[in-house]
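Chemist: Pasted the sequence and its predicted model underneath.
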Amino acid sequence: MERRWWIAALLFLSVIINYIDRQCLSVLAPVITKELGLTPTGYANILNVFQLAYTGMYIGSGFLVDRWGARVSLAVFMGWWSVANALHGFATSAFSLGAFRFLLGLGEPGNFMAGFRAISECFHKEERALANGLLNAGSSVGAMIAPFLVTWLYVQMSWRGAFVICGVLGVLWIVPWMLLYRPLETVTIAPAKPGAWREYLKLPQSWGLFGSRFLSDPVWWFYLFWLPKYLVDARGFTLQEMALVAWMPYLSADLGAMFGGWMSGVLIARGWNVLAARKAVMLPAAMVMPVSLVVATTPSSTIAIAAICLVTFAHMVWKTNLATVTNDLYPTQVVGSVSGMFAFGNGLGGLLFTALTGWLVQYSGYYWVFAFMGVLHPLAFLVFRGLVRGELRIARLDGAH
């Protein structure tokens, strides 16, 4: 196997570890909220501490990635968030749990900024959607593994030990990454001019990508942070029963990420314009999302899980192509910076929606949460279609792309 696909495998594994660390709290939330006496709004506040740090650091991590390169920056981010996750095991109050969650939020977004940069450095354009699909698939695989792994560690060692062991995984990953990472020799990466990324933020395409991330990504944040708690609190599952079914929506998301990247690649190979191919795959995915209403109304837990699986599949089809558009349009040397700005929309939308979810769950239940999620992707597609059109009309920073 060529080196770049080993690099893709390590990127895939890094996101798996990222999401296992992120999901530790949500899997253990029924236990931790009882032990620490947290209400739904108190739990939402802990999540929002993470979201606040995560959202702000999207921008900072993008700049660091463009300054340090993918190899060094991803190793630094991995080390930081792995230690932060292990520290969760030493929390004794809502305050200390929130503090460690804040530290985790500072490190985790760099995984994706460095990943996007690495894909531009190591893959040709026709391979990037598949590589991005693999990167996004790591998130769903990590979320899928987390209920089993974290629940097993909880049974064996307590919830505190589960955090520590999961944190150790990331430290071990750094070794093969530093040994294997090399950019493609055929990809020339000239240094960006100082402040060049600001010119790209003046373009309608940039605001289209920001707005579509802001509207659509909160759906994934809900399924990451609230699905285990929803299954236990609203559907009556025990912690062990939840672990047996909570992996299913993440498996379907994994399949959606790979299918979405493959499908747009097929259209491009058949001669489609790159941007037209991405849109052709994103539109039906957006139209599936109102199925979320079924989850809100069905009394059957089986039907609800099936509907959630369909929603997460469609979301990842959408997200894989949306993320790849950044690689399609922007020069490699500013991919980290502009990706950070677009991902800020992701974090900002997630921050606001997580606060709204906590309020809605505490005072009116989950119905309006699912109803609201059903319309976000169609709205995001309208924003994307209206603003993301054609090539960027700006002088290139260099001759390479």
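Modeler: Received it, and whenever you're ready, just let me know what you need.
Chemist: which residues touch Leu255?
Modeler: Leu255 makes contact with 313, 316 under the criterion CB atoms under 8 Å, 6 or more residues apart in numbering. In short, each C-beta sits where N, CA and C put it, glycine included.
Chemist: Can you give me the distance of it to Asn346?
Modeler: 22 Å (CB to CB, to the nearest Å).
Chemist: ditto for Gln156
Modeler: Applying CB to CB to Gln156 and Asn346 gives a distance of 35 Å.
Chemist: Same drill for these two, tell me which one is more crowded.
Modeler: Asn346 (27 against 10; other CB atoms under 10 Å).
Chemist: how about the nearest residue to that one, chain neighbours excluded?
Modeler: Counting by CB to CB, 6 or more residues apart in numbering, Asn346 lies nearest to Asp217, which is 4.0 Å off, once chain neighbours are set aside.
Chemist: same deal with Leu215?
Modeler: Nearest non-adjacent residue to Leu215, counting by CB to CB, 6+ apart: Ala380, 3.9 Å away.
Chemist: Could you check the pLDDT of that neighbour?
Modeler: Model confidence at Ala380, given as pLDDT, is 96.
Chemist: right, and it touches Phe210 too?
Modeler: No - contact between Ala380 and Phe210 fails when scored by CB atoms under 8 Å: they sit 10.8 Å apart.
Chemist: Surely Met242 and Leu231 touch.
Modeler: Yes - between Met242 and Leu231 a contact is recorded at 4.6 Å, counting by CB under 8 Å.
Chemist: Tell me, how many residues neighbour Tyr367?
Modeler: For Tyr367, using other CB under 10 Å, the count is 14.
Chemist: now Gly60
Modeler: Gly60 has 14 neighbouring residues, counting by other CB under 10 Å.
Chemist: ok, it to Gly211 distance?
Modeler: Gly60 is 21 Å from Gly211, by CB to CB.
Chemist: mean confidence for stretch 68-77?
Modeler: Averaging pLDDT along stretch 68-77 yields 93.
Chemist: quick one on the thing from earlier: more neighbours, Met242 and Leu231?
Modeler: Comparing Met242 with Leu231 by other CB under 10 Å, the one with more neighbours is Leu231, at 24 against 21.
Chemist: residues making contact with whatever helix or strand the more buried one lives in?
Modeler: In this assignment (DSSP states H and E), Leu231 forms part of helix 227-233. With contact meaning CB under 8 Å, 6+ apart, helix 227-233 is reached by 26-27, 29-30, 43, 147, 237-239, 241-242, 245-246, 249, 308, 366.
Chemist: Any stretches of this protein with poor pLDDT?
Modeler: In the predicted model of the chain, residues 1, 126, 184-197, 391-401 satisfy pLDDT under 70.
Chemist: how about the strands in it?
Modeler: For the chain, no strands are identified by DSSP state E.
Chemist: and the gap between Asn346 and Ala53?
Modeler: Using CB to CB, Asn346 is found at 14 Å from Ala53.
Chemist: One more: Ala86?
Modeler: 17 Å.
Chemist: Next: Cys24.
Modeler: Distance from Cys24 to Ala53, counting by CB to CB: 16 Å.
Chemist: Surely Met281 is in contact with Trp262?
Modeler: For residue 281 the amino acid is Val, not Met. No - at 9.6 Å, Val281 and Trp262 do not qualify as touching, with contact defined as CB under 8 Å.
Chemist: Name the residue in the two with the higher neighbour count.
Modeler: Using other CB under 10 Å as the criterion, Val281 and Trp262 rank with Val281 on top: 23 against 14.
Chemist: For that one, which residues are in contact?
Modeler: Contacts of Val281 by CB under 8 Å, 6+ apart are 260, 263-264, 267, 317, 321.
Chemist: contacting residues around the most centrally placed residue in the chain?
Modeler: With distances taken as CA atoms, centre = their mean, Ser139 lies nearest the centre of the chain, 6.2 Å away. Residues in contact with Ser139 (CB under 8 Å, 6+ apart) are 15-16, 18-19, 220, 253, 257.
Chemist: ok, of the residues you listed, which one's closest to Thr354?
Modeler: Distance to Thr354 across the contacts of Ser139 (CB to CB) is lowest for Trp220, with 11.6 Å.
Chemist: How much space separates that closest one from Arg22?
Modeler: In terms of CB to CB, Trp220 sits 11 Å off from Arg22.
Chemist: ditto for Gly37
Modeler: Applying CB to CB, the value for Gly37 to Arg22 is 23 Å.
Chemist: the more surrounded of those two?
Modeler: Arg22 (25 against 9).
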